[in-house]
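*Asks:* below is the structure, and that's it, no one-letter string:
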């Protein structure tokens, strides 16, 4: 049991889980909750005397309680994402829900609200000149959160109803995500049906049928959709993906929409979208929709032109085998996009995989980030970890050698493990007495693993993803906040914290730009057999291919983002172009309208879409919103090339570290952008690539 009293950040957190059982998870969670509730009750009993020191101040006590509880709960909630035992994962999921409800209850407590106001007297944050501004920001954010959680409501029954409905939402979201993670369905194919694949041995053989077993996670499905020549094979894969968890998750999805709308109305908002956007950079759902529709118009000519090119490729590919008119099907997009890039841009995705063995890619990504941000990463060989594949690293400032934080890499798929890519915070940055607790996190990935003695060879999309996620790692471990509320976090964790959600991706998306630069591609590539780099012609072609054939993918993403805002605008039915739709039919209608390709018949792909039930509700737009700012930030690094300088520039990298990464949520995202750029941000750099 990790109690409040025993927390330390001098060493990496211990996460062996060797003795974890459902019962120990429940018991440890119970003890953490009891300690947190006791701390909150003590705060509510604070005297309103103005002579108290900062350590006795109600806000100071609350900050410490939040930091300790956040840190302690990480050990209990991480198993829900990574543990090998289904019962332990289930207990951890339940504990995560309990912790979320615990934090929500504390930050909805009217007695706490009154105690904080009584103890405030406008003075908090003025006693310490070193971080007074952050203290004031903490106070303002806490009061705002309490008000948004109903402490300003006149009716106690209304607030109780909100809390009850939020618990129902949390339960449904947990069940929704668990269904996706626990899904272990597979498809069986003969070798002939998988013709076009370069490495069939990646798929295990089913003992009963002798066919290859294809799981429904990205390392298996992505290569098949891109390389399998048989359209029926691709169709079966896409159909299975599009209908994954549909039966059990569709009712959960629809119920959550209703509950969210009801909560927003009780809290005095027109919609859940309005409630969610209020605390983001965009501020209103109307501005978010306006932003998205502007990009829809910008991408439409590119989308139409590129889909025509793909259709021409399909016609040439099938030739005399065509019966009647030929049209593009949804399972054709990835296949012919890959083919077009290979034939027109000289990018053969299958061939270039040989140049991206995981071990080399990992070592070079680590090295590049070290050089750019003035860091040194040291492997901690004796760290206690939860799986033999997991690695732990200490992060040092290169100049002083000081330890800044820790991170873990858990980058291969396992049964029951979180099936997407993410960085999960394990310890927030916060002040505990005279010491600052150092941040820690884990990169949870699902990259292509090695099989039967063959090394892991990454598709370039996986290289890009790894580089991107490592940007989140650095954002987390470089956070220098005095309050856990301002430390790096996102909605996957139950505790409050983090930057505005539509700024969350900005830092890592900026860093992701580096992976496409020729000088970086030279470093990342190393042929698995002979150690050679990618040929210069291939590097040039790959670099130039970045924005090639992106019209469909971006347009589909924009459709999904507009859908997110629409279904969180009210209870439905939803009006679109003069017709009314329910939430299921609206999804497929918007996808077809804005992407130009109809989804799989009778499918509802949102039933396996993590984001809207994992904290990105009325916020999915944030990815491309962040991408516009990221392009603007990277333009400062691109300018170095004009003077024949390397983009891996320590001086500019340190400026980025100090002004964008380290502040985390101690400063508004917009203010950080202006501070780094020296001007107001612009969309011009992003729009120039459409």
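*Replies:* Cool, the structure landed. Note that the structure is predicted; figures quoted are calculated from it, not measured.
*Asks:* can you give me the strands for this protein?
*Replies:* Counting by DSSP state E, the segments of the chain that form strands are 186-189, 212-215, 375-379, 391-397, 403-410, 422-427, 430-432, 435-437, 440-444, 574-576, 579-581.
*Asks:* buried ones in the third one, by neighbour count?
*Replies:* Of the residues in strand 375-379, those buried under the neighbour-count criterion (16 or more other Cβ atoms under 10 Å) are 375, 377. For the C-beta atoms, the positions are set from N, CA and C on the backbone; glycine is no exception.
*Asks:* swap in stretch 454-462?
*Replies:* 456, 457, 458, 459, 460, 462.
*Asks:* which non-adjacent residue is nearest the third one?
*Replies:* Taking Cβ to Cβ, 6 or more residues apart in numbering, and ignoring the residues beside it in sequence, residue 458 has residue 356 as its nearest neighbour in space, at 4.4 Å.
*Asks:* coming back round to it: ok, which pair from the buried residues of stretch 454-462 is furthest apart?
*Replies:* Largest separation among the buried residues of stretch 454-462 by Cβ to Cβ: 456 and 460, giving 13.8 Å.
*Asks:* count of residues packed around residue 477?
*Replies:* Residue 477 has 27 neighbouring residues, counting by other Cβ atoms under 10 Å.
*Asks:* is it true that it touches residue 443?
*Replies:* No. Look at residue 477 against residue 443 with Cβ atoms under 8 Å: they stay out of range, at 10.8 Å.
*Asks:* between those two, which contacts overlap?
*Replies:* Jointly contacting residue 477 and residue 443 under the rule Cβ atoms under 8 Å, 6 or more residues apart in numbering are residue 407.
*Asks:* count of neighbours near the residue nearest to residue 458?
*Replies:* So residue 356, with other Cβ under 10 Å, has 25 neighbours.
*Asks:* so for it, what's the pLDDT?
*Replies:* Model confidence at residue 356, given as pLDDT, is 97.
*Asks:* please apply the same query to residue 515.
*Replies:* The per-residue pLDDT of residue 515 was computed as 97.
*Asks:* same thing with residue 45?
*Replies:* The model's pLDDT for residue 45 equals 84.
*Asks:* check contacts around the closest residue to it other than its chain neighbours.
*Replies:* Excluding the flanking residues, the one nearest residue 45 by Cβ to Cβ, 6+ apart is residue 115, at 7.8 Å. Residues counted as contacts of residue 115 (Cβ under 8 Å, 6+ apart) are 43, 44, 45, 46, 58.
*Asks:* what does residue 402 give?
*Replies:* Residue 402 neighbours (Cβ under 8 Å, 6+ apart): residue 396.
*Asks:* one more: residue 517?
*Replies:* 543, 647.
*Asks:* state the distance from it to residue 635.
*Replies:* Residue 517 sits 13 Å away from residue 635, going by Cβ to Cβ, to the nearest Å.
*Asks:* now do residue 45
*Replies:* 54 Å.
*Asks:* so the two - more neighbours on which side?
*Replies:* A count of neighbours by other Cβ under 10 Å puts residue 635 above the other of residue 45 and residue 635, at 17 against 10.
*Asks:* how about the nearest residue to the more buried one, chain neighbours excluded?
*Replies:* The shortest distance from residue 635 to any non-neighbouring residue, by Cβ to Cβ, 6+ apart, is to residue 685 (4.5 Å).
*Asks:* burial of residue 433, as a residue count?
*Replies:* 8.
*Asks:* just the one 5 residues further on next, same as before
*Replies:* Counted with other Cβ under 10 Å, residues neighbouring residue 438 total 25.
*Asks:* partner residues bridging the residue nearest the centre of the chain?
*Replies:* Nearest to the mean C-alpha position of the chain, counting by Cα atoms, centre = their mean, stands residue 422 at 5.0 Å. Beta-bridge partners recorded for residue 422 (DSSP bridges): residue 444.
*Asks:* grab the nearest non-local neighbour of residue 606.
*Replies:* In space, residue 606 is closest to residue 587, 5.3 Å off (Cβ to Cβ, 6+ apart).
*Asks:* and that neighbour, how close does it get to residue 413?
*Replies:* Residue 587 is 27 Å from residue 413, by Cβ to Cβ.
*Asks:* these two: which is more packed in?
*Replies:* With neighbours defined as other Cβ under 10 Å, residue 587 and residue 413 compare such that residue 587 has more, 25 against 18.
*Asks:* for the helix or strand of the chain with the lowest mean pLDDT, buried residues please.
*Replies:* Across the helices and strands of the chain, mean confidence by mean pLDDT, DSSP states H and E is lowest for helix 110-120: a mean of 85. Neighbour counts using 16+ other Cβ under 10 Å place 110, 112, 113, 115, 116, 119, 120 of helix 110-120 among the buried residues.
*Asks:* now, which of those sits nearest residue 529?
*Replies:* Of the buried residues of helix 110-120, the one sitting nearest to residue 529 (Cβ to Cβ) turns out to be residue 112, at 63.2 Å.
*Asks:* the closest one contacts residue 146, doesn't it?
*Replies:* Yes. Using Cβ under 8 Å, residue 112 makes contact with residue 146 at a distance of 7.2 Å.
*Asks:* the residue nearest to the centre of the chain is in contact with residue 473, isn't it?
*Replies:* No. At 10.7 Å, residue 422 does not count as touching residue 473 under the criterion of Cβ under 8 Å.
*Asks:* between these two, which contacts overlap?
*Replies:* Common neighbours of residue 422 and residue 473 (Cβ under 8 Å, 6+ apart) are residue 443.
*Asks:* distance of the closest residue to residue 507 other than its chain neighbours relative to residue 513?
*Replies:* Spatial nearest neighbour of residue 507, chain neighbours left out: residue 475 (4.6 Å); criterion: Cβ to Cβ, 6+ apart. Distance, residue 475 to residue 513, using Cβ to Cβ: 15 Å.
*Asks:* do the same with residue 505
*Replies:* Residue 505 is 12 Å from residue 513, by Cβ to Cβ.
*Asks:* joint contacts of these two?
*Replies:* Common neighbours of residue 505 and residue 513 (Cβ under 8 Å, 6+ apart) are residue 630.
*Asks:* which residues does the closest residue to residue 508 other than its chain neighbours contact?
*Replies:* Once flanking residues are discounted, residue 508 sits nearest to residue 471: 3.0 Å by Cβ to Cβ, 6+ apart. Counting by Cβ under 8 Å, 6+ apart, residue 471 touches 507, 508, 509, 510, 511, 512.
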